[in-house]
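[1] Model the following, please.
(chains A, B, C and D, ligands or ions: 6)
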Amino acid sequence: MNPEELTAWLRRFAELVHEHRDELTALDSAIGDADHGANLDRGMTAVLAALQEAPPADAAALLKKTGATLVSKVGGASGPLYGTLFLRMAGAVDGGFAPALRAGFDGVLARGKAEPGDKTMVDALGPACDVLDAGGSVAEAAQAAADGRDATVPLVARKGRASYLGERSAGHADPGATSTALLLRAAAETLR
Amino acid sequence: MNPEELTAWLRRFAELVHEHRDELTALDSAIGDADHGANLDRGMTAVLAALQEAPPADAAALLKKTGATLVSKVGGASGPLYGTLFLRMAGAVDGGFAPALRAGFDGVLARGKAEPGDKTMVDALGPACDVLDAGGSVAEAAQAAADGRDATVPLVARKGRASYLGERSAGHADPGATSTALLLRAAAETLR
Amino acid sequence: MKKLINDPADVVADALRGMALAHPELRVDHENRVVFRGDGPRQGKVGLVSGGGSGHEPMHGGFVGRGMLDAACAGEVFTSPVPDQVVAATQGVDGGAGVLHIVKNYTGDVMNFEMAAELVAAESGTEVVTVVVDDDVAVTDSLYTAGRRGVGTTVLLEKIVGAAAEEGRPLAEVADLARRVDDAGRSMGTALTSCTVPAAGKPTFDLPEDQMEIGIGIHGEPGRRRVPLAPAREVAEMLVEPILSDLSFTGGEGVICFVNGLGATPLLELYVVYAEVAALLDKAGVAIARSLVGPYMTSLDMAGATVTLLRADDDLLRLWDAPVVTPGLRWGA
Amino acid sequence: MKKLINDPADVVADALRGMALAHPELRVDHENRVVFRGDGPRQGKVGLVSGGGSGHEPMHGGFVGRGMLDAACAGEVFTSPVPDQVVAATQGVDGGAGVLHIVKNYTGDVMNFEMAAELVAAESGTEVVTVVVDDDVAVTDSLYTAGRRGVGTTVLLEKIVGAAAEEGRPLAEVADLARRVDDAGRSMGTALTSCTVPAAGKPTFDLPEDQMEIGIGIHGEPGRRRVPLAPAREVAEMLVEPILSDLSFTGGEGVICFVNGLGATPLLELYVVYAEVAALLDKAGVAIARSLVGPYMTSLDMAGATVTLLRADDDLLRLWDAPVVTPGLRWGA
Ligand SMILES: Nc1ncnc2c1ncn2[C@@H]1O[C@H](COP(=O)(O)OP(=O)(O)O)[C@@H](O)[C@H]1O
Ligand SMILES: Nc1ncnc2c1ncn2[C@@H]1O[C@H](COP(=O)(O)OP(=O)(O)O)[C@@H](O)[C@H]1O
Ligand SMILES: [Mg+2]
Ligand SMILES: [Mg+2]
Ligand SMILES: [Mg+2]
Ligand SMILES: [Mg+2]
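    Ligands and ions are numbered 1, 2, ... in the order given. From the prediction side, this is the model:
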C-alpha cells in the first residue's frame, strides 16, 4: 500500500467522523459519557495536521504516526484502542490492507480484552477482518462492519462504560462500533 | 374591643393568608425573594396556635401576644413590621380599632422608615388609617387598602428588597401591600 | 422542584441536624437554630455573631469556629433570623468583652438584629456593636433606596475580623476593623439560572436558555438587567468593570480576589472565571495578593458567580493568613 | 447550554490557567496539563500520581499538595488523560522512591495509565505500581463486566495514602495500603438531573421533573434504574442499603462517612442527606468515626449526591487526620 491511498483513507475517515460527530456523541450519550464524537474528531483533526506537517515517507511510518497521534491526543477508551489499531497495522502493512487490519484488530483485542458480542468496536472490526481474510472486497468488509454495528443494538454491553448500564444498554448501537463502521466505509470509498 | 372579635379578625386573616399564600409568594418572586407567603403563613399559624394554647384575657394582651409571636416566628422584613404593628396596637386598643391601627402604623413607619410611595405595606396601611381616622367604616378602610395595594403596581420600589431591582420593580403589586390589604379585608369581614 | 430534602418546611432543621452530626466540634442549639463554637464562650474575647436566611451555606454556620465566628443564626430559607435567635446567640458567645453583630444589609436582617440588640440592651449588660455589610455595586447606593446589599465581602470580613477577635483585640477596634473591611470591599454577581426556594416549589424567576442576569443578589432575585448569554471572558468584564469604577484598587498591597459560586456552578467554571478576572485585574494594574475560589456564599441551587475585590493592606493580609478552623474555611491549623 | 466558559474546546486549558493563578503554591504544566506540587519532586518520597477526565473538580488537581497527591493529570472533560500526560507526571514526581498510579476503574483510564506505565518502564528506571479504585456498588462486579467504577473512595484513598507517602513509607507498603483502602470502601450515587458535557452542548440524558436516577456514576451516565423522586430520607436508604449489604461495616473503629455533591447540589441539601445517612448508620449499628460533606468529586453540573463508606481502623484514621494542604482538602497545617 502506498502512503497516498492511506492518506486518502484517513482524510475520508476524518471527514466522516466530523460529519457524524453529533451522532457519535448522541450514541455515547445514550449509553456512555457523551464524548466519543468529540474524542475522535479531535484525534483525527490532529492526525491530519501531523501528516500535513511532516508527511511520512512510507505506509508503515504513516500508520505509526497516525496511531501515535491518536494515542497522545484522544484519551478515553477510544484513544488507546484506535491508536493500537493503527500502530499494529504499521507492522503488517507490507502484506496489504487485509493482514494489516487483522494485526490491528488483534492489537485491539489484546489492549481492550473485549470479546465478540460485548457490544464494542470489536463487533464491527471483527466481521470486517473476517470478510477481508476470506478474500472479500473492502466494500464487502465495510458492509460487514455496518452489519456488525447494527447487530450491537440489541446487545447488553459487557465492556466499556456502557456495561455499567446493565440491561439498559440494550436498544442502542455502540458508539465505537459505529465509528469503526465509518472507518471501513472510508476504506471502501478510498482503497481498491 | 373584645378579644373575641379580635380573634375572629386574626383567624380570618390567617385563613386569607393561607389561601393567598401562593399568590403572595408569586408577587414576592417577581420583585423579591419568594418567601412572603411562607413567612406570613408560618407566622399566622403560630399566632393561632399561641392564642389557642393560652387565650389572652383582654384585647391588649391578645394583640401583644400576636405581635410577639410574629416577631419571633416570621423573620425577614415582614416579621418585625407586622410584629411591631400588633405590638403597638396593643398599647392603643383601648381607644378602639382606628386609633389602634394608627398606632400600629406609626410603629411600622418608625421601624421600617419607609415613606408613602416607596412601594411597601405602608402604601396599603396608610390609606386605611386615613379612612378610619376620617370616620370611615372598616369596609371603606379595606377598600382604601386594596386601592393602595393596586397603586403600588406602577411604582418603582425604594425600600425593601424590591428596591434592588430599580426600574424593573415597576409593574408588580408589592407583596407586603397585598398582605396588608388582606389584613384589612379580614377586618371588614369580622369587625363592625 | 428537584431537591434532596424531606418536607420543605423542615429543610433548615434537617440541615442543622446534619451539620451538627458532621461537625462534632460545633455546638448546635436546635431550638434557637444557632450554631456555636464548641469551645465557647471564650472569656475576654469579643464574640462575633452573624446570621441570615438559610440557603447560603456554608455561610454563615460553616464559618463558625476558631478564628472566625463564635455563633451564626440560621433563619428560614432566605428569611433573616428572628430576634430571639440573635439574642440566644449573643448571650451564648458573651465572654465579657462585648459582642459584634455582623449583619448583611437587607431590611429584614437589619431590623431583626436591631430588635435583638434592643432586647439584649434591655435584658443584660452585654455590649453589642453592629456592623452592616453593604458591598454590592449592582445596587445604587443613595438616600432613596435600602442601600447596597451585603454579599461577598461578608465572607472575607468574617474571616479577617474573626482573626482580630481571636487575637484579643477590644470590641471598638474589632468593630472599626469590620467597618474598614466593609469600606474596602466591592462585589458584583451574575446568574445563569434562578433558584428554587423549597417552600415556593418553583424557580423564583424564569431565565430563557440564551439569557443571563447581571447584578443579581443572593436571594434568587432577578438582577439589574438581562443580557444575552456571553462567554466567561465578557461576563468577567461585566462583573469586574463596575467594581473597579466604584473604588480604586490600584497601588498598595493589592486585593483579595474572591470568585464565588452560587450553588449550582461547578468549580471547573469558577476557575475559568477566575482566570478571566485575573487577566482583567492584571490589565488594570491591580495586583492579586490573595485569592479564594469556590462556593462559599451560595444562593440555593442558582447557577452563577459573584466577584468580590477587597483592597488589602499588610494588616488585613496578616489577619487573612491567620489560622482559621471552620467547616467552610480552614487553614493554618 | 448555560455555562460560565469560553469556547467549549478550551474549557480544560482555561480552568487550569485559573487554577494556576489561584494557587501559586502549585506548579501547572500547561502543555501536558499536569498539576504538580510546587515543592516537588521530593527526594526519597514515593510519588503519587492520579488523574482522569476533567469535570470532577476539585478531584484530582485540587488534591495535589502536601499530604496528598504529587501530581494530577487533567484529561479532556470526562475523557481519561493520554499516556504522554501520565508519563510527564510520573517523571516529574519521581524522587527515587518509585511512583504510585492511582487509577479509577474505567476502561479508558486503565488503558491510558497502563500504556504510560509501559512507556515509563521502557524509557526510565522509575518503578511504577498501579492501584485501581473500584468501589461503586451500583455496578455488578463480575467476570462479564468492566468491573466496578471508581468513585468516592478515590478521594478518601488519595488523602490516606498521601499521608502514608508523606511519612516516607516505601512504595510496596504505600501500594498495599491503597489496595486495603480500596477494599474497605464502597459507594453509591443518585442523580436528580443529568449534566452537560461542554463539547456536546446538551444534557447527556433527559430526566423528567418527577424522576431520579439511582446508581449513577460520575460521568453523566444514566444509572441502574429510574425511580420517582423521593424524600431525602428514602434516597439515603436507596444509597446506604446496597453499601451495607455489600460489605460489613459493623464493629471495629467505625467508618469514614463521605457525602459528596455532584456539582449542582448545594451544601444545604448535602447536610440534609448526611443527617439521613447518619440516622441509617446509627440504626445499623455502624459508628461514624469521621465525616466529609461537600462537593469533592463532581460530575460537571449534575444535581445529586454520592455516599461513600470506608471501614476504618486506627491506622487509617491516624492517616486521615494527618495534615493535608491542598486546594480541595486542608487541615492540620
Ligand atoms: N474493552 C474494550 N474493547 C474494545 N472496545 C472498547 C472497550 N471499551 C470501550 N470500547 C469502545 O470504546 C467506545 C467508547 O469510546 P469513548 O467514548 O471515546 O471512550 P470512553 O468510554 O472512555 O468515554 C465504546 O463505544 C466501545 O466501542
Ligand atoms: N422598610 C420597609 N418599610 C415597610 N415595609 C417594608 C419595608 N421593607 C420591606 N417592607 C415590606 O415587606 C415586604 C416583604 O416581606 P417579606 O418577603 O416577608 O420579607 P423579606 O423582604 O425580608 O423577604 C415587602 O413587600 C414590603 O411591603
Ligand atoms: Mg465516551
Ligand atoms: Mg421576601
Ligand atoms: Mg426574605
Ligand atoms: Mg469518556
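
[2] Most proximal residue of chain C with respect to chain A?
    Distances between chain C and chain A by C-beta to the nearest C-beta are smallest at residue C:268, namely 14.9 Å. (C-beta placed from N, C-alpha, C; glycine too.)

[3] burial of that residue, as a residue count?
    29 (other C-beta atoms under 10 Å in any protein chain shown).

[4] cool, residue C:243 as well?
    25.

[5] Secondary structure element holding it?
    helix C:232-244 (DSSP states H and E).

[6] Per the annotation, how does chain C divide into domains?
    C:11-184, C:185-327 (automatic domain parsing).

[7] what would those domains look like in JSON lines with distance to ligand 3?
    Formatted as JSON lines, those follow (distance: least, C-beta to the ion, whole Å):
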{"stretch": "domain C:11-184", "distance to ligand 3": "34"}
{"stretch": "domain C:185-327", "distance to ligand 3": "18"}
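
[8] okay if I get the ones you listed as CSV plus distance to residue A:182?
    Below are the domains of chain C laid out as CSV (distance: least, C-beta to C-beta, whole Å):
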stretch, distance to residue A:182
domain C:11-184, 48
domain C:185-327, 31
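
[9] Among these, which comes closest to residue A:138?
    domain C:185-327 (43.4 Å; C-beta to C-beta).

[10] where does chain A dip in pLDDT?
    Regions of chain A meeting the criterion pLDDT under 70 are absent.

[11] Enumerate the residues of it near ligand 1.
    Residues of chain A lying near ligand 1 by C-beta under 6 Å from any ligand atom: A:28, A:32-33, A:35-36, A:39, A:76-78, A:81, A:108, A:112-114, A:120-122, A:159-161, A:174-177.

[12] Flag every buried residue along stretch A:151-161.
    A:151, A:152, A:155, A:156, A:157, A:158, A:159, A:160, A:161 (16 or more other C-beta atoms under 10 Å in any protein chain shown).

[13] out of the residues you listed, who's near chain D?
    Restricting the buried residues of stretch A:151-161 to those near chain D by C-beta under 8 Å from any C-beta of the partner chain leaves A:158, A:159, A:160, A:161.

[14] which ones among these are found in strands?
    Among those, DSSP state E puts none in strands.

[15] As TSV, those with distance to residue D:26 would be great.
    Below are these laid out as TSV (distance: C-beta to C-beta, whole Å):
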residue	distance to residue D:26
A:158	40
A:159	36
A:160	33
A:161	30
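
[16] any idea which element the closest residue to residue C:161 other than its chain neighbours lies in?
    Nearest non-adjacent residue to residue C:161, counting by C-beta to C-beta, 6 or more residues apart in numbering or on different chains: residue C:178, 4.7 Å away. Element membership for residue C:178 (DSSP H and E) is helix C:171-184.

[17] neighbouring contacts of that helix?
    Helix C:171-184 has contacts (C-beta atoms under 8 Å, 6 or more residues apart in numbering or on different chains) with C:46, C:48, C:97-100, C:102, C:127, C:129, C:131-135, C:153, C:156-157, C:160-161, C:164-165, C:169, C:247, C:310-312, C:316, C:319.

[18] Turn the buried ones among those residues into a named ChimeraX selection, would you?
    Restricted to buried positions by 16+ other C-beta under 10 Å, the ChimeraX selection for the contacts of helix C:171-184 reads:
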select /C:46,48,97,98,99,100,102,127,129,131,132,133,134,135,153,156,157,160,161,164,165,169,310,311,312,316,319
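
[19] Give me the subset of the contacts of helix C:171-184 that lies in helices.
    Counting by DSSP state H, the part of the contacts of helix C:171-184 found in helices is C:153, C:156, C:157, C:160, C:161, C:164, C:165, C:316, C:319.

[20] Do I have it right that residue A:33 meets residue D:196?
    No: using C-beta atoms under 8 Å, residue A:33 makes no contact with residue D:196, being 11.8 Å away.

[21] Overlap in contacts, those two.
    Shared contacts of residue A:33 and residue D:196, counting by C-beta under 8 Å, 6+ apart, come down to D:204, D:220.

[22] Could you check which of the two has the larger neighbour count?
    Neighbours per residue (other C-beta under 10 Å) separate residue A:33 from residue D:196, with residue A:33 holding more: 32 against 21.

[23] helix or strand for the more buried one, which one?
    Using DSSP H and E, no helix or strand contains residue A:33.

[24] The closest residue to it other than its chain neighbours - how many residues pack around it?
    Counting by C-beta to C-beta, 6+ apart, residue A:33 lies nearest to residue D:219, which is 3.8 Å off, once chain neighbours are set aside. Around residue D:219 there are 26 other residues, counting by other C-beta under 10 Å.

[25] give me the low-pLDDT residue ranges for the stretch 1-150 of chain C?
    C:141-143.

[26] Please enumerate the strands of it.
    With DSSP state E, counting those that start in this stretch, the ranges of strands along the stretch 1-150 of chain C come out as C:26-29, C:34-37, C:47-54, C:71-77, C:99-104, C:128-133.

[27] will you turn those strands into TSV that also has distance to residue D:253?
    As requested, those are exported to TSV (distance: least, C-beta to C-beta, whole Å):
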stretch	distance to residue D:253
strand C:26-29	23
strand C:34-37	27
strand C:47-54	34
strand C:71-77	32
strand C:99-104	39
strand C:128-133	43
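
[28] for those, which one sits closest to residue C:325?
    Across these, closest to residue C:325 is strand C:34-37 (C-beta to C-beta), at 9.5 Å.

[29] which other residues reach the closest one?
    Against strand C:34-37 from outside (C-beta under 8 Å, 6+ apart): C:16, C:19, C:26-29, C:51, C:60-61, C:64-66, C:69-74, C:85, C:88-89, C:92-93.

[30] Of these, which count as buried by neighbour count?
    The buried subset of these - by 16+ other C-beta under 10 Å - is C:16, C:19, C:26-29, C:51, C:60-61, C:64-66, C:69-74, C:85, C:88-89, C:92-93.

[31] Within the helices and strands, which one has residue A:27?
    helix A:21-31.
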